[in-house]
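Chemist: this is a predicted model, with the sequence first.
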Amino acid sequence: IKFICGRLQIQNIVYQWFDPILFIKQVFGQFGQKRAFCMALAPTSQDDKIYTIEEREGDNMIKKENRHHRLAYGLTIGILAVCMALTLLPTAALAENGAGIQNYSDLSDAFQNANSTDPAAPTVIKISSDFALTDSITLPESKCIKLTSADGSACTLTRTSNKAFFNSTGGSTLILENITLDGSSQSEVLVDVYAGHLVIENGAVLQNSASRAIDVSVSNKDNANSTTSVVMNGGKICNNTGGGIYMNITFMTGSVQQALSVTINGGEITGNGTETGSCGGIYAREMVDKATAQVTIAGGEISGNKAK
């Protein structure tokens, strides 16, 4: 964008006088069209606040219309203010609106800037390419985040460190949909759910961990009541050497109450565990009487898993 002799030029499009309506039209999606817009130099009526805009493609008239100077100037100021405000938005805020994240740093920032606490209306973070996580990402306390691929894609996250992809704790909720977490055969769980919540939706795949796909655990070592849950409505948990979902309750003393649950409504849990391991598809362990561990299977498929 540049100004030449009082004209506004955007690539090959020239405005002899700046018109905000046409500016919006060109900025949002029509840079590729070779059209020129010009304003008649003489007024089109006795009211000199009115002028004519002609839209031409080559020698052909595409459209001709009258505009008011005052309206144009007012809109110009408003549009420039909006454009300046957009340039000040942080990358994470744009990502929440679906811009598409392509690296670990931006993904971590987007998680930390999430602001929803409503699982029915979570902050949506979209991935637009495959990349590797270099460290774990812990969800902010009480925040609800949906991680998915950008429209028309199905992206895969891998990892270069022997750490979980995500830690859901402090009452936070992580929703996975249309995205793959590939453990790269590292010996750590894919998602650690501790006093938090995980929801697995259609298109989500948790695979290839040398440990378990998901650890679900609670304790009262923080001296606080908590609820921990995993709900699987779709997707797939597969080919994890240490097993699929591992439930564990430990460190329970005093009067603090804990609740831990796994609910399978759909999806597939297959090919997890080994003949010498303790966890196949789902492993539930309850060590104390001050907590409840519940597994509900209402649908889906659990097959081809192994354990001793």
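Modeler: It's in.

Chemist: pLDDT weak spots in the chain?
Modeler: 1-99, 219-225, 250-257, 286-291 (pLDDT under 70).

Chemist: residues contacting the helix or strand hosting residue 231, please?
Modeler: Per DSSP states H and E, residue 231 falls inside strand 226-232. Under the criterion C-beta atoms under 8 Å, 6 or more residues apart in numbering, residues 171, 193-200, 214, 216-218, 245, 258-267, 269, 300 lie in contact with strand 226-232. (C-beta placed from N, C-alpha, C; glycine too.)

Chemist: of those residues, buried ones?
Modeler: The neighbour count (16 or more other C-beta atoms under 10 Å) marks 171, 193-200, 214, 216-218, 245, 258, 260-264, 266-267, 269, 300 as buried among the contacts of strand 226-232.

Chemist: out of the residues you listed, which are inside strands?
Modeler: 193-194, 197-200, 214, 216-218, 245, 258, 260-264, 269 (DSSP state E).

Chemist: and the helices in this protein?
Modeler: Applying DSSP state H to the chain gives helices spanning 20-27, 69-87, 91-96, 104-112.

Chemist: for the last one, buried residues please.
Modeler: Buried positions in helix 104-112, judged by neighbour count with 16+ other C-beta under 10 Å: 104, 106-111.

Chemist: save those as TSV, and put in distance to residue 164 too.
Modeler: Compiled in TSV, the buried residues of helix 104-112 are given as follows (distance: C-beta to C-beta, whole Å):
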residue	distance to residue 164
104	14
106	19
107	14
108	14
109	19
110	18
111	13
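
Chemist: and these, which is closest to residue 117?
Modeler: For those, the residue nearest residue 117 by C-beta to C-beta is residue 111; the value is 14.1 Å.

Chemist: so that closest one sits against residue 137, correct?
Modeler: Yes. Counting by C-beta atoms under 8 Å, residue 137 is a contact partner of residue 111 at 5.2 Å.

Chemist: what's the neighbour count on residue 133?
Modeler: Residue 133 has 21 neighbours, counted by other C-beta atoms under 10 Å.

Chemist: who does it bridge with?
Modeler: Residues in a beta bridge with residue 133, per DSSP bridges, are residue 159.

Chemist: list the contacts for it?
Modeler: Contacts of residue 133 (C-beta under 8 Å, 6+ apart): 104, 107, 157-161, 165.

Chemist: next, count neighbours for residue 121.
Modeler: Applying the criterion other C-beta under 10 Å, we find 10 residues in the vicinity of residue 121.

Chemist: excluding chain neighbours, what is closest to it?
Modeler: residue 144 (7.8 Å; C-beta to C-beta, 6 or more residues apart in numbering).

Chemist: just give me the neighbour total for that neighbour.
Modeler: For residue 144, using other C-beta under 10 Å, the count is 23.

Chemist: how about it, what does it touch?
Modeler: 114, 116-119, 121-123, 172-173, 175.

Chemist: next step: those residues restricted to strands.
Modeler: Counting by DSSP E, the contacts of residue 144 place 123, 173, 175 in strands.

Chemist: beta partners for the first one?
Modeler: With beta bridges defined as DSSP bridges, residue 123 has these partners: residue 145.

Chemist: now the second one
Modeler: In this structure, residue 173 has beta-bridge partners residue 144, residue 197, where bridges are defined by DSSP bridges.

Chemist: surely it touches residue 199?
Modeler: Yes. Using C-beta under 8 Å, residue 173 is in contact with residue 199, at 6.8 Å.

Chemist: any common contacting residues for those two?
Modeler: Common neighbours of residue 173 and residue 199 (C-beta under 8 Å, 6+ apart) are residue 119.

Chemist: pull out the buried positions in stretch 156-168.
Modeler: 156-159, 163-168.

Chemist: possible to save the contacts of residue 144 as TSV with distance to residue 284?
Modeler: What follows is the contacts of residue 144, written out as TSV (distance: C-beta to C-beta, whole Å):
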residue	distance to residue 284
114	30
116	30
117	29
118	29
119	24
121	31
122	27
123	31
172	23
173	21
175	23
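
Chemist: and the residues you listed, which is closest to residue 149?
Modeler: Of those, the one sitting nearest to residue 149 (C-beta to C-beta) turns out to be residue 175, at 13.1 Å.

Chemist: surely the closest one meets residue 119?
Modeler: Yes. With contacts counted by C-beta under 8 Å, residue 175 reaches residue 119, the gap being 7.4 Å.

Chemist: the two: who's more crowded?
Modeler: Each of residue 175 and residue 119 has its neighbours counted (other C-beta under 10 Å); residue 175 has more, 21 against 13.
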